[in-house]
Structure formats: structure tokens, C-alpha cells
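> sequence and predicted structure are below.
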Amino acid sequence: MNDIVMGDKKLSALVDGRCPDCDGIEFLRGPEGGLCINIKCASCGACFNFCPRCAVLPGGYVERI
């Protein structure tokens, strides 16, 4: 199940460089386009489409994929 999460604990964890599921700190980069990048936690395998906070998207964005 995909969950869209904006401005909560999961986004904050990813902005801090931590996996929101396992607190892992290593990520594998995937395809990217526009402001977003797909990342996968190297520890638990959780995958996210992630856009950090920026001027265009001040709240940031993360969606589990």
C-alpha cells in the first residue's frame, strides 16, 4: 500500500538522512527527475520517492513506493 506523507515524521527522518522504518543511514539512489529522487534503504529495503524541502516545495514530499 502506498502512503503519501507530507510534513510528518517520515519526511523529517528522510531530511535528517535516516530511514523512517529502521533508522538506517545508507540509501541507494534510483531514478530521479524534476525535484524528486527514488531512494532505497540499504538496511531494510524500504523505497521512497523523495523531494527535500526547497523554495519550490517548502513542505517537502515523500511517497512510499
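Received the coordinates, thanks.

> could I get the full set of helices for the chain?
9-15 (DSSP state H).

> in it, which residue is closest to the centre?
F50 (3.7 Å; CA atoms, centre = their mean).

> wait, what's in contact with that one?
Shown in contact with F50 (CB atoms under 8 Å, 6 or more residues apart in numbering): 14, 36-39, 61-62. Every C-beta, even on glycine, is put in place using the N, C-alpha and C of the backbone.

> lowest-confidence one in those?
Lowest pLDDT of the contacts of F50: Y61, 81.

> residues near the nearest residue to that residue once chain neighbours are set aside, how many?
Leaving out its chain neighbours, the residue that sits closest to Y61 by CB to CB, 6 or more residues apart in numbering is C51, at 4.3 Å. C51: 21 surrounding residues under other CB atoms under 10 Å.

> C51 contacts L35, correct?
Yes. If you go by CB atoms under 8 Å, C51 and L35 touch, sitting 4.6 Å apart.

> shared neighbours of the two, anything?
L57.
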